[in-house]
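Colleague: The sequence and its predicted three-dimensional model are supplied below.
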Amino acid sequence: MSNNARTAAEQHDIIGYKSSEKEFTRTDDAGAKWFFEKTNLGLFIHFGISAAGDDIDISWGMMDNPDRRAKGNGILTPREYWTLAEKFDPKHFEPKKWLSAAKDAGFTYAVFTAKHHDGFAMWPSDVGDFSTKSYMGGRDLVGEYVTACRATGLKVGLYYSPPDWRLDRKYMSFMSGSHSEKYPDRPYEDIDHKPIASLPEMTEEHKKARCEYFNAQVRELLTRYGQIDLLWFDGTLPSLDGAITIYDIRKLQPHIIVNDRLWGVGDYCSRFECKLPTEKPSAAWETSQIWHVGGGWSYVKNADKYRAPEITLHQYEVAKEFGGNLLLNIAPDGDGVVPQAYYSALQRLKEDIASLGK
């Protein structure tokens, strides 16, 4: 297992992602067939307020972690991290430029982080006080991304994190793996990374409020921007009682495809994060891979360097052999700029895939 795959497994434990084999009816909508009938290339874009920091990964950069500290990765306390919203001002965020290049290289869809675990909404949400509505003068980065997808012909995917560490800060530890079986000696830590003896039990009132917050924001995303082709949840809620269901989502967006990370079931399996299957999965699937070099999904040290083309081509070949989709992650910097290495990597991947048919 690679370092990225091990990290992903630990992160899944924290955000509550588990797969389930329970009965579920997957979409059979004609408008969703594109995802299931061939191997698609997708562009994953991790972008948020962390880009305004110095070598700070999105959300995970506020989680204390001795292993990351030993590697020299940037870490802020949650209190410090959330102030990055005041600095975040991507003046050169021009998604049409890099989405157009992806389309030209044969990509079919894109997925953009509308809200990550840090809780910051990249659109002017009417819910809560931690979105571009309260910062950046109400600029709508999600809207700009959606418009660019439509202009370039890419399917529109939105990533949304049900876990919200800002809202749940009173009830969670900001030390990675606190008191777990693997790390029994790691203490609970508060938003200043100070040890605390125990965590309070989450109240039913808070669980209900979290569910209402989640429902309202998801409905905003599904009703403000026209057709949304894919919804990429990452983790679950403290309680799913009263949460919007995939059937509710389909009423709002009949053609939509939804992954399996909120309820444990979905239209396809998205558990192959930073790893590849060794045999053909039994259902539709997708692998998400970090295309750039570095220790995080968003813009961190070495995010302007990309992995060897042989690695990416192998990932594509496995996806094609086993009938899956390949979602490659990139990371704009604090100004919203994607490095030149991205365009070089795109061109090489386009050429390598073309050579497979010769």
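Modeller: Received it, and whenever you're ready, just let me know what you need.
Colleague: Keeping just the C-alphas, turn the longest helix along the chain into CSV.
Modeller: Counting residues, the longest helix found in the chain (DSSP state H) is helix 204-224. Output in CSV follows, covering the C-alpha atoms of helix 204-224 (Å, rounded to 0.1, in the frame of the first residue of the first chain):
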residue,chain,number,x,y,z
GLU,A,204,-29.4,15.5,19.7
GLU,A,205,-30.1,19.2,19.2
HIS,A,206,-26.7,19.6,17.5
LYS,A,207,-27.2,16.5,15.3
LYS,A,208,-30.5,17.9,14.2
ALA,A,209,-29.0,21.3,13.4
ARG,A,210,-26.2,19.7,11.5
CYS,A,211,-28.6,17.8,9.4
GLU,A,212,-30.7,20.9,8.6
TYR,A,213,-27.5,22.8,7.7
PHE,A,214,-26.4,20.0,5.4
ASN,A,215,-29.8,19.6,3.7
ALA,A,216,-30.0,23.4,3.1
GLN,A,217,-26.6,23.7,1.5
VAL,A,218,-27.0,20.6,-0.7
ARG,A,219,-30.3,22.0,-1.9
GLU,A,220,-28.6,25.3,-2.8
LEU,A,221,-26.0,23.5,-4.9
LEU,A,222,-28.7,21.4,-6.7
THR,A,223,-31.0,24.3,-7.4
ARG,A,224,-28.8,27.3,-8.2
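Colleague: Show me what the next helix or strand after it is packed up against.
Modeller: Downstream of helix 204-224, the next assigned helix or strand under DSSP states H and E is strand 230-233. Using 3 or more Cβ pairs under 8 Å, 6 or more residues apart in numbering; DSSP states H and E, the elements in contact with strand 230-233 are strand 109-115, strand 155-160, helix 204-224, strand 257-258. (Each C-beta comes from the backbone N, C-alpha and C, glycine too.)
Colleague: if we can go back for a sec, run the angle between the longest helix of the chain and strand 155-160 for me.
Modeller: Using axes from the mean of the first three to the mean of the last three Cα atoms, to 10 degrees, the inter-axis angle of helix 204-224 relative to strand 155-160 is 160 degrees.
Colleague: Let me see the ranges of the strands in the protein.
Modeller: 41-45, 109-115, 155-160, 188-189, 195-196, 230-233, 257-258, 269-273, 285-290, 325-330 (DSSP state E).
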